[in-house]
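1. sequence and predicted structure are below.
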Amino acid sequence: MKLIAGNSNRPLAEAISVCLKVPLTKASIRRFSDMEVFVEILENVRGEDVFVIQSTSYPANDNLMELLVTIDALRRGSARRITAVLPYYGYARQDRKTGPRTPISAKLVANLITTAGANRVLTMDLHAGQIQGFFDIPTDNLVAAPVFVQDIEATMGRENLMIVSPDVGGVVRARAIANRLDADLAIIDKRRERAGVSEVMNVIGDVTGRHCILVDDIVDSAGTLCNAAVALKERGALSVRAYVTHGVLSGGAVARVAQSPLEALITTDSIQATEAVRVSRNVRHLTVAPLIAEAIERISHEKSVSSLFD
């Protein structure tokens with residue numbers, strides 16, 4: 001097995017390397033003066049099972065291009081199998097046509113990764129599970145639920161919990177965590193007046209006197225989560241926390257969370273934390289390195305990945 005780390009999330013790649021007790025393969029990933037990406041693999045990879053660890057987070061286009069060029073370099077270096085490990089799959093929110101003459105960019109990115117030479121994809125908490133079908137190669141979609149459940153039990157226990165989905169589309173994800181914790185489920189009915197602006201309209205379920213936990217896959221501007229937290233507090237929730245897999249946290253999201261009723265926002269390290277996130281008083285990170293490392297080891301040894309979540 002060989003592990004190669006891109007520049008998008010080096011700390012996560014190093015943590016995965018420690019978990020697997022496999023050193024990162026030496027590679028040079030740099031840019032020319034005109035910002036073209038150049039990749040040189042500095043070790044022999046002929047006949048090797050290679051895993052390329054690269055989130056396509058901000059800057060999404062640069063990190064995506066790094067991934068594609070790295071895969072091409074490995075293919076031309078005669079690697080036996082190339083697995084693209086994307087802890088965060090960028091462009092996932094563009095998974096359908098939202099109007100006439102609009103793209104389905106999630107499918108385009110899947111085609112690019114496949115054409116570059118990847119034989120397999122390993123990712124986590126896709127925005128929509130159906131994105132797996134965009135790939136014509138085997139794709140494993142890990143879920144962060146076990147990591148979240150372990151932290152919830154350690155910090156809050158199981159008493160008086162209410163798991164809340166911030167929108168109708170996230171009900172399946174929230175229900176999975178509610179089932180693991182034997183907790184009740186509530187849903188936020190959200191009406192979006194225009195793109196990028198969300199307005200909380202109603203809470204389906206009685207949250208009075210409960211410790212509410214919002215569950216989602218991506219937090220970007222944090223507007224939805226903050227509005228949901230306000231709505232839950234207005235309806236009598238004792239406390240509100242949020243567990244979100246991918247902390248994009250763009251623009252003024254961290255400041256927005258700090259000023260909201262959210263006691264804490266817990267994300268994974270699928271996206272490398274910015275300085276604003278690191279110094280924030282109520283944003284916390286959980287590592288998914290052991291989970292991804294275990295999946296990589298199972299893929300390398302041709303074992304079941306789905307049994308990780310049984």
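-> All right, it came through fine.
2. can I assume N63 sits in a helix?
-> Yes - the assignment for N63 (DSSP: H, G, I helix; E, B strand; the rest coil) places it in a helix.
3. that one reaches I29, doesn't it?
-> No - in this structure, N63 sits apart from I29 without contact. The criterion is CB atoms under 8 Å, and the distance is 10.5 Å. Every C-beta, even on glycine, is put in place using the N, C-alpha and C of the backbone.
4. now list whatever residues contact both of the two.
-> Listed as contacting both N63 and I29 by CB atoms under 8 Å, 6 or more residues apart in numbering are 6-7.
5. so where's this structure shaky on pLDDT?
-> 191-201, 310 (pLDDT under 70).
6. can you pull out the strands in it?
-> Counting by DSSP state E, the chain forms strands over residues 2-5, 27-31, 37-41, 49-53, 81-86, 120-124, 139-142, 161-165, 184-194, 197-204, 211-219, 239-247, 264-268, 283-286, given from the N-terminal end onward.
7. could these go into TSV alongside distance to R175?
-> Supplementary listing: these in TSV, determined by distance: least, CB to CB, whole Å:
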stretch	distance to R175
strand 2-5	34
strand 27-31	40
strand 37-41	41
strand 49-53	30
strand 81-86	25
strand 120-124	18
strand 139-142	17
strand 161-165	8
strand 184-194	6
strand 197-204	13
strand 211-219	9
strand 239-247	14
strand 264-268	19
strand 283-286	21
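8. in the stretch 201-310 of the chain, which spans are helices?
-> Ranges of helices within the stretch 201-310 of the chain are 223-234, 253-258, 275-278, 289-300, based on DSSP state H, counting those that start in this stretch.
9. repeat that for the stretch 51-200 of the chain.
-> Chain-ordered helices for the stretch 51-200 of the chain, with DSSP H, counting those that start in this stretch as the definition, fall at 60-76, 105-116, 145-155, 171-181.
10. quick one: which of the helices of the stretch 201-310 of the chain is nearest K107?
-> Each of those was checked against K107 via CB to CB, and the shortest separation belongs to helix 289-300, namely 23.4 Å.
11. what is the orientation angle of that closest one with helix 145-155?
-> In this structure, helix 289-300 runs at an angle of 150 degrees to helix 145-155, with axes from the mean of the first three to the mean of the last three CA atoms, to 10 degrees as the basis.
12. which strands and helices lie in contact with helix 289-300?
-> helix 10-20, strand 49-53, strand 81-86, strand 120-124, strand 139-142 (3 or more CB pairs under 8 Å, 6 or more residues apart in numbering; DSSP states H and E).
13. contacts for it, please.
-> Contacting residues not belonging to helix 289-300 are listed as 1, 3, 12, 15-16, 18-20, 49, 51, 53, 83, 85, 87, 120, 122, 124, 140, 142, 144, 146-147, 269, 303-305, 308 [CB under 8 Å, 6+ apart].
14. list the buried residues in that helix.
-> The neighbour-count check on helix 289-300 (16 or more other CB atoms under 10 Å) flags 289, 291-300 as buried.
15. quick check: the gap between the closest residue to A110 other than its chain neighbours and A92.
-> If the residues on either side of it in the chain are set aside, A110 comes closest to F134, at 3.9 Å by CB to CB, 6 or more residues apart in numbering. Counting by CB to CB, to the nearest Å, the gap from F134 to A92 is 10 Å.
16. so what sits against both of those two?
-> A106.
17. list the contacts of L225.
-> For L225, the contacting residues are 166, 214, 216, 219, 242, 244, 257, 260, 262, 265, by CB under 8 Å, 6+ apart.
18. would you mark the buried spots in stretch 100-117?
-> For stretch 100-117, the buried set under the neighbour-count rule, 16+ other CB under 10 Å, comprises 106-107, 109-110, 112-114, 116-117.
19. chain center to stretch 301-310: distance?
-> Average the C-alpha atoms of stretch 301-310, do the same for its chain, and the two points are 19 Å apart (CA atoms, centre = their mean, to the nearest Å).
20. flag every buried residue along it.
-> Applying a neighbour-count criterion of 16+ other CB under 10 Å, one finds V305 buried in stretch 301-310.
21. alpha carbons of it, as PDB, please.
-> Written as PDB, here are the backbone C-alpha positions of stretch 301-310 (Å, rounded to 0.1, in the frame of the first residue of the first chain):
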ATOM      1  CA  HIS A 301      -7.000  -6.200   1.900                       C
ATOM      2  CA  GLU A 302     -10.300  -6.800  -0.200                       C
ATOM      3  CA  LYS A 303     -12.500  -6.800   3.000                       C
ATOM      4  CA  SER A 304     -16.000  -5.500   3.500                       C
ATOM      5  CA  VAL A 305     -16.200  -1.700   4.100                       C
ATOM      6  CA  SER A 306     -20.000  -1.700   4.800                       C
ATOM      7  CA  SER A 307     -19.400  -3.900   7.900                       C
ATOM      8  CA  LEU A 308     -17.700  -0.900   9.500                       C
ATOM      9  CA  PHE A 309     -21.200   0.500  10.200                       C
ATOM     10  CA  ASP A 310     -23.000  -2.600  11.200                       C
END
